[in-house]
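K.L.:
coords please:
(one chain, ligands or ions: 1)
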Amino acid sequence: MAQDVIEISKSEQLNQVDFNIPFIILGEGSNTVFLNDYSGLVISMKNSGIEKTQDEKFIYLNVAAGENWHALVCSTLAEGILGLENLALIPGSVGAAPVQNIGAYGVEVQKFINYVKGYDINQKRFYTLLNEQCEFAYRESIFKGELNQKFIITEVGFKFNKSWQPELTYGPLKQISLTGSNKEDAKQIFNQVVTIREEKLPDPKKIPNAGSFFKNPIITNLQLQALLKDYPEIPHYPVGLNSKNIKIYKLAAGWLIDQAQLKGFKIAGIEVNPQQALVLLNHGGSSGDDIIQMILTIQHTIRAKFSVELDHEVRIIDTDGECKISLSNLCLKGKL
Ligand SMILES: Cc1cc2nc3c(=O)[nH]c(=O)nc-3n(C[C@H](O)[C@H](O)[C@H](O)COP(=O)(O)OP(=O)(O)OC[C@H]3O[C@@H](n4cnc5c(N)ncnc54)[C@H](O)[C@@H]3O)c2cc1C
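P.N.:
Okay, the predicted model is just below:
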């Protein structure tokens, strides 16, 4: 619940919004958890429209922020525009996709983003950022960082190479045998991704949940070597070098939570999904404090067992605005 909600069906409406009062931006709300009633204005992007152009090598789409992500994946595939099949069934809007650089099954959306258009709240004008200006990284972008609360995404430009390459590096997709017909093969990947996701992830319409609650932590090689002594089987994936030129690795947050015996752990109506430890289920009857307690308990348990910090991927909104919950901040409100 919020004090007021404005639905933006045409980007130009943003010129009329009073940004002097506290506000948050929302797409479909699938990655956002409200701890309490929010006291400010909710700006909800509901604009629609898809424009297509092409040249010899590429197909270009300009898609309004309010379009639904999965519907876009389905419509591109139906039209023979290939590339988004690994990202099927991710809930939410197109406008939110660049914010955390949505990713799944070996693909991140940044691979297909050509540009992001939006409204600069301070300068009261629209401008475009090219892909390389968006600072995309694992579940990160400039829209979550420097431009958080400063820039409202109104349209996303995509670029698809007509010469399509399947992405089959993720475990269960490796078994797909390609037919040689690009469209058929992309459809196979889409179907497989949908099947896996339906088996693995609870449908938020049936049991409320926000998908993966925590980000997979990134650690240095030194930390990894220490962990491997106690947990030789710990899943880890190289992700390159950090800013200090040190090798870094991604761990699987779900595996850590599972190893800490937290599957099925409950605080009031909040439960660590017994099937998939990275997902928190909301069975109802819980308060914002219960959610905070659950996050802190998981973070504390993982720190104590593995000396690893878990950050929540889900955006958390309290009465005054967005807050980050961590063992050092507990709940840092309105400072993001
Ligand atoms: C069951 C389930 C499975 C999921 N699986 C995945 C997955 O596999 N991979 C993955 O990456 N994510 C996944 N997610 C997370 C979620 O789908 C994505 O984060 C998605 O992009 C959220 O879209 P939304 O419109 O609902 O965003 P919202 O929750 O409405 O917003 C998310 C954030 O983006 C900001 N935002 C939204 N729209 C705009 C805009 N137009 N301009 C500026 N900022 C904006 C909001 O302020 C907020 O901070 C999953 C979620 C669920 C519930």
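K.L.:
Residue in the stretch 151-300 of the chain with the shortest distance to the ligand?
P.N.:
Across the stretch 151-300 of the chain, the shortest distance to the ligand (CB to the nearest ligand atom) belongs to G211, at 2.5 Å. Every C-beta, even on glycine, is put in place using the N, C-alpha and C of the backbone.
K.L.:
my read: that residue touches S30, true?
P.N.:
Yes. In this structure G211 lies within contact range of S30 using CB atoms under 8 Å: 7.1 Å.
K.L.:
These two - which one has more neighbours?
P.N.:
In terms of neighbours (other CB atoms under 10 Å), G211 is the more surrounded of G211 and S30; the figures are 21 against 17.
K.L.:
what does the protein put close to the ligand?
P.N.:
For the chain, the residues in contact with the ligand under the definition CB under 6 Å from any ligand atom are 24-32, 45, 65, 90-93, 95-97, 99-100, 102-104, 143, 152-153, 201, 204, 209-211, 315.
K.L.:
hmm, which of those are the buried ones?
P.N.:
With neighbours counted by 16 or more other CB atoms under 10 Å, the residues of the chain next to the ligand contain buried members at 24-32, 45, 65, 90-93, 95-97, 99-100, 102-104, 143, 152-153, 201, 209-211, 315.
K.L.:
who does I152 bridge with?
P.N.:
Beta bridges link I152 to Y119, judged by DSSP bridges.
K.L.:
From I6, how far out is it?
P.N.:
11 Å (CB to CB, to the nearest Å).
K.L.:
any common contacting residues for those two?
P.N.:
Both I152 and I6 are in contact with I43, where contact means CB atoms under 8 Å, 6 or more residues apart in numbering.
K.L.:
Centre of the chain to stretch 45-55, how far?
P.N.:
Stretch 45-55 has its average C-alpha position 21 Å from the chain's average C-alpha position, going by CA atoms, centre = their mean, to the nearest Å.
K.L.:
got it, and stretch 11-18?
P.N.:
Here the centre of stretch 11-18 is set off from its chain's centre by 26 Å, with CA atoms, centre = their mean.
K.L.:
And that stretch, end to end?
P.N.:
Across its full length, stretch 11-18 reaches 15 Å between end residues, using CA to CA, to the nearest Å.
K.L.:
got the contact list for it?
P.N.:
With CB under 8 Å, 6+ apart as the test, stretch 11-18 has contacts from I6, I8, F23, L41, I43, N47, Y119, K124, F126, I152, T154, E155.
K.L.:
Looking at the third one now. What's its pLDDT?
P.N.:
To tie it back to what came earlier, the one meant is F23. pLDDT for F23: 95.
K.L.:
Bridging across strands, which residues link to it?
P.N.:
Going by DSSP bridges, F23 is paired in beta bridges with L41.
K.L.:
Check the contact between it and S44; I expect there is one.
P.N.:
No. Contact between F23 and S44 fails when scored by CB under 8 Å: they sit 10.7 Å apart.
K.L.:
More neighbours: which of those two?
P.N.:
For F23 versus S44, neighbours defined as other CB under 10 Å are more numerous around F23 (22 against 19).
K.L.:
Can you name the residues that contact the more buried one?
P.N.:
Counting by CB under 8 Å, 6+ apart, F23 touches V17, G40, L41, V42, I43, Q149.
K.L.:
nearest spatial neighbour of L130, skipping sequence neighbours?
P.N.:
The shortest distance from L130 to any residue other than its chain neighbours is 5.2 Å, reached at Y115 (CB to CB, 6 or more residues apart in numbering).
K.L.:
about what we covered before: turn the contacts of F23 into TSV, including pLDDT and neighbour count.
P.N.:
What follows is these, written out as TSV (pLDDT from 0 to 100; neighbours: other CB atoms under 10 Å):
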residue	pLDDT	neighbour count
V17	95	17
G40	93	17
L41	95	19
V42	96	20
I43	97	21
Q149	95	15
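K.L.:
Touching, H236 and K247? I think so.
P.N.:
No. Applying CB under 8 Å, one finds H236 not in contact with K247, separated by 10.9 Å.
K.L.:
Of these two, give the one with the bigger neighbour count.
P.N.:
For the pair H236 and K247, the greater number of neighbours falls to H236 (17 against 13), based on other CB under 10 Å.
K.L.:
where does the nearest residue to that one once chain neighbours are set aside fall, phi/psi-wise?
P.N.:
Closest residue to H236 apart from its sequence neighbours, by CB to CB, 6+ apart: Y249 at 4.5 Å. As for Y249, its main-chain torsions (degrees, to the nearest 10) stand at phi -130, psi 150.
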